[in-house]
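> have a look at this fold, sequence not included:
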């Protein structure tokens, strides 16, 4: 693979990989480092990239593995601000200030709940609901059966719903 083709096929993946790494690491600078490392690894193996069947799945798996290595190395989990994670906040259209504040607060709580999910659930919910990958693509990226991806996503969403319900209605048990 020549430099021109590399720039055409690989570099456009950078933003998706960055968002994914940011979601796992909760540190935009570290996420940038991860993406840079992935690009270097891909450049070094550019002669073998043609052997890869699904480049998206391959790069996401590389990114995930590198992020998990970094998390294990520092032995600390960060539960930062959703804005720091590089995840774009949904735009709020024509709402009064009270509704906008409430919506932003709810979004922040959802991000916090998702950040507290187990790594596998967090990764799958991010890939499906933020990056909008299909179950088949996620299955390949995560090295899981499609049904396992569906079950894991369902459990993650249920946990988010239940935790959000407890936050908004603390008097109910």
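Nice, I can see it. Bear in mind the structure is a predicted one, so any value in this text is a computation, not a measurement.

> only C-alpha atoms for contact and neighbour calcs from this point on.
Fine.

> centre-most residue in this structure?
When the chain is reduced to its mean C-alpha position, the nearest residue by CA atoms, centre = their mean turns out to be residue 20, at 3.4 Å.

> which residues does the strand or helix carrying that residue contact?
Using DSSP states H and E, residue 20 maps to helix 14-25. Residues from elsewhere that reach helix 14-25 (CA atoms under 8 Å, 6 or more residues apart in numbering): 28, 30-32, 34-35, 59-60, 63-64, 67-68, 71, 78, 85-87, 115, 119, 122-123, 126-127, 131.

> and the next element down the chain from it?
Helix 14-25 is succeeded, C-terminally, by helix 28-44 (DSSP H and E).

> ok, now how distant is the closest residue to residue 142 other than its chain neighbours from residue 161?
Excluding the flanking residues, the one nearest residue 142 by CA to CA, 6 or more residues apart in numbering is residue 61, at 6.5 Å. Going from residue 61 to residue 161 by CA to CA, to the nearest Å gives 27 Å.

> in the protein, which helix has the most residues?
Scanning the chain for the helix with the most residues, using DSSP state H, yields helix 146-168.

> and that helix, what does it pack onto?
Under the contact criterion of 3 or more CA pairs under 8 Å, 6 or more residues apart in numbering; DSSP states H and E, helix 146-168 touches helix 97-115, helix 119-125, helix 135-142.

> could you dump those helices to a markdown table with mean neighbour count?
Formatted as a markdown table, those follow (neighbours: other CA atoms under 10 Å):
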| stretch | mean neighbour count |
| --- | --- |
| helix 97-115 | 16 |
| helix 119-125 | 20 |
| helix 135-142 | 20 |
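
> now render those helices as a markdown table, adding distance to residue 13 and mean pLDDT.
Shown next, in a markdown table, are the helices and strands packed on helix 146-168 (distance: least, CA to CA, whole Å; pLDDT from 0 to 100):
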| stretch | distance to residue 13 | mean pLDDT |
| --- | --- | --- |
| helix 97-115 | 23 | 80 |
| helix 119-125 | 17 | 89 |
| helix 135-142 | 14 | 86 |
